[in-house]
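[1] I need the structure of the sequence given here:
(chains A and B)
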Amino acid sequence: QKEVEQNSGPLSVPEGAIASLNCTYSDRGSQSFFWYRQYSGKSPELIMFIYSNGDKEDGRFTAQLNKASQYVSLLIRDSQPSDSATYLCAVGLTGGGNKLTFGTGTQLKVEL
Amino acid sequence: DAGVTQSPTHLIKTRGQQVTLRCSPKSGHDTVSWYQQALGQGPQFIFQYYEEEERQRGNFPDRFSGHQFPNYSSELNVNALLLGDSALYLCASSFGTSGQKQFFGPGTRLTVL
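    Below you'll find the model as predicted:
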């Protein structure tokens, strides 16, 4: 079992729709959760982080964390073609310093 | 406010050579972590530097070594390069060492021939 799992996609959504990206993790000692966006040929860009159970909203982005079920999700409302990218889920362990374990990413395509 | 910077942007080496990659953290940050990202994969943690010491290390051989300077900048050294070391090397900076937000630099693309 991989430590952090994501569906590789591609996930295709029409412009204006809600994109839902999911991530599961195996270590119950995980304490910090991050979503990065990576355009092709570029480095990852931090877009959301969450530490506590529940929802966290920032603009068009909502991160959701459920520690009991060991999943974290990212919702993108009013998806735009510029949102087309690979979304990486990253998880940090309690006592793990700043070490992040990444999933392989989900490719999102927003179609006109 | 300068973000994380890395140099060089691209590098081509041959097997057996040694390489040094450089990183300057975001202003106000004191911790640097290095990651390796192979094509189609997520970044893999190499190590983390804080107060000029290696604080954590991922599952990488000791051919990978690093250094942090008093101004918080950092170097990643890789000896005896293998073809499999070809990847995007990413530096991430943060303030503090415990589950902090990390911001990535643009990366160095290393190709080993």
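[2] Show me what counts as buried in stretch B:5-18.
    Using 16 or more other C-beta atoms under 10 Å in any protein chain shown as the test for burial, stretch B:5-18 gives B:6, B:13. Heads up, the C-betas are built off the backbone N, CA and C, glycines and all.
[3] nope, stretch B:101-111 is what I was after
    Using 16+ other C-beta under 10 Å as the test for burial, stretch B:101-111 gives B:102-110.
[4] Please apply the same query to stretch B:22-39.
    Across stretch B:22-39, burial judged by 16+ other C-beta under 10 Å covers B:22-26, B:29, B:31-37.
[5] same thing with stretch B:49-61?
    Within stretch B:49-61, the residues that qualify as buried are B:49-50, B:55-56, B:58, counting by 16+ other C-beta under 10 Å.
[6] now swap in stretch A:6-15 and tell me
    For stretch A:6-15, burial by neighbour count (16+ other C-beta under 10 Å) applies to A:6, A:11, A:13.
[7] For the second one, give me its contacts.
    Under the criterion of C-beta atoms under 8 Å, 6 or more residues apart in numbering or on different chains, the contact list for A:L11 reads A:19, A:21, A:106-109.
[8] Tell me where chain B has strands.
    Using DSSP state E, the strands found in chain B span residues B:5-7, B:10-13, B:19-24, B:31-37, B:44-50, B:53-57, B:64-68, B:74-78, B:87-94, B:103-104, B:108-112.
[9] Chain A now?
    With DSSP E as the criterion, chain A has strands spanning A:4-6, A:11-14, A:19-25, A:30-38, A:45-50, A:54-58, A:61-66, A:71-76, A:85-93, A:100-102, A:106-111.
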